[in-house]
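Undergrad: build the 3D model from these lines:
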Amino acid sequence: MTQPPLQGKVAIVTGATRGIGLAIAHGLAAAGAHVVVSSRKADAVKASVDAIVAAGGKATGHATNVGRLDEARALVDETVAQLGGVDVLVNNAAVNPVYGPVENTDEGAFNKIMAVNLHAPFEIAKRALPSMVERGGGAIVNISSIGGVKPEHALGIYSVSKAALISLTQVMAREWGPRGVRANAICPGLIKTAFSSVLWQNEANMNRFLKAQPIPRLGEPEDVAALAVFLCTPAAGYCTGGTYMVDGGCTI
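TA: Predicted coordinates:
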C-alpha cells in the first residue's frame, strides 16, 4: 500500500477553523500529516480538531491570535515542543476590517491588516525555519489573493498586504531554498466562504466577477486546498517562489 505523501510530517495551518483554512487542514491530514489547527477561538479549534480526527486524521489544536506576536511565536514553539518539529506551514489567517474607499482605512485598521496578513506570516515562518532545516527541509504556503496581483475593488489595504505577502514569499524562496525550505503563494479568487461573503452575497458583485471568468462559478474552499496540499508534498519538490492563481481564470 502506498504511504501517504505527508506521513510523519507536522503541519501548522493558521486560520484553520473555517473556509479555506479548514479545507486545507483536512487535506493535509488526509495526506498523512499531523495537523496543528490554529485560530483565535478555542471552541472552534476544538471542533475542527474533532472533525479531522473523526475523519481518520491526526490533529491537535492551538488557539492563537496571530496578530499578537507573542502568541504567533508560541504557536511554533509549542508545536516543536509537543510534536518534535515543523515540516509544513500554511499561513492562511487574514483580516479585512474595512470594505470601501481606501481613504476610509484609519491607522488602527491599517496596522491590524498588516499585523495579521503580513507580519504574522513572516514571524511564524521565521520561527519555524530552524526546525524545518533541522528536519531536512520544509514547505511554506502563504495564502495571498488575486488582490495581491491586481487591487480588488473596495479592498485597498487588504490588497496591498496580499501583494506584500507575495513578495515576502519570493524572498523566503530565494533565501531559504538552499537550506531545503520551499515557499509558494496561492492567490484565491472569489471563493465561497464566510470571509468573502460581502462579495458573493451581493448579486451585482458576484455577476461582475463571474462575467470576467472563463469558469463561471464561485470557487469552493476545496479548490484552493487541493493546490495547497500538492505544494506541501514531495511531488512539488521543484516548485518554489511561485504565485498560483485559483480564480476560475478571472485574472487572465
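
Undergrad: please tell me how far T251 sits from L190.
TA: Distance of T251 to L190, computed by CB to CB, to the nearest Å: 11 Å. Where C-beta positions appear, they are placed from N, C-alpha and C, glycine not excepted.

Undergrad: which parts of the stretch 51-200 of the chain are helices?
TA: 69-83, 107-114, 120-134, 156-176, 197-200 (DSSP state H, counting those that start in this stretch).

Undergrad: so can I have JSON lines of these showing mean pLDDT, mean neighbour count and distance to H62?
TA: JSON lines is the format used below for these (pLDDT from 0 to 100; neighbours: other CB atoms under 10 Å; distance: least, CB to CB, whole Å):
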{"stretch": "helix 69-83", "mean pLDDT": "98", "mean neighbour count": "17", "distance to H62": "5"}
{"stretch": "helix 107-114", "mean pLDDT": "98", "mean neighbour count": "15", "distance to H62": "21"}
{"stretch": "helix 120-134", "mean pLDDT": "98", "mean neighbour count": "20", "distance to H62": "11"}
{"stretch": "helix 156-176", "mean pLDDT": "98", "mean neighbour count": "20", "distance to H62": "22"}
{"stretch": "helix 197-200", "mean pLDDT": "70", "mean neighbour count": "16", "distance to H62": "26"}
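
Undergrad: now these in JSON lines, with distance to F209?
TA: Listed next are the helices of the stretch 51-200 of the chain as JSON lines, based on distance: least, CB to CB, whole Å:
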{"stretch": "helix 69-83", "distance to F209": "32"}
{"stretch": "helix 107-114", "distance to F209": "22"}
{"stretch": "helix 120-134", "distance to F209": "26"}
{"stretch": "helix 156-176", "distance to F209": "15"}
{"stretch": "helix 197-200", "distance to F209": "7"}
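
Undergrad: more neighbours: T251 and L190, which one.
TA: Between T251 and L190, counted using other CB atoms under 10 Å, the more crowded position is L190 (23 against 13).

Undergrad: phi, psi of that one?
TA: phi -80, psi 100 (degrees, to the nearest 10).

Undergrad: against L210, how distant is it?
TA: Using CB to CB, one obtains 8 Å as the distance from L190 to L210.

Undergrad: any shared contact partners between the two?
TA: Taking CB atoms under 8 Å, 6 or more residues apart in numbering as the criterion, L190 and L210 both touch L218, G248.

Undergrad: quick revisit: tell me which of the helices of the stretch 51-200 of the chain sits nearest to G237.
TA: Closest to G237 of the helices of the stretch 51-200 of the chain is helix 156-176 (CB to CB; 13.1 Å).

Undergrad: against which helices or strands is the closest one packed?
TA: Contacting helix 156-176 under the criterion 3 or more CB pairs under 8 Å, 6 or more residues apart in numbering; DSSP states H and E are the following elements: helix 107-114, helix 120-134, strand 138-143, strand 181-188.

Undergrad: distance from the chain centre to it, please.
TA: 12 Å (CA atoms, centre = their mean, to the nearest Å).

Undergrad: residues in contact with that helix?
TA: With CB under 8 Å, 6+ apart as the test, helix 156-176 has contacts from 91, 94, 96, 98, 101-102, 105, 109-110, 113-114, 117-118, 121-122, 125, 129, 140, 142, 144-145, 147-149, 151-152, 181-185, 187, 240-241, 243.

Undergrad: go again with 6 Å.
TA: Outside helix 156-176, the residues that touch it by CB atoms under 6 Å, 6 or more residues apart in numbering are 96, 102, 105, 110, 113-114, 117-118, 122, 142, 144-145, 147-148, 151-152, 183, 185, 240-241, 243.

Undergrad: try stretch 50-70
TA: With contact meaning CB under 6 Å, 6+ apart, stretch 50-70 is reached by 14, 29, 34-38, 40, 42, 45-46, 49, 71-72, 75, 93, 115-116, 120, 123.
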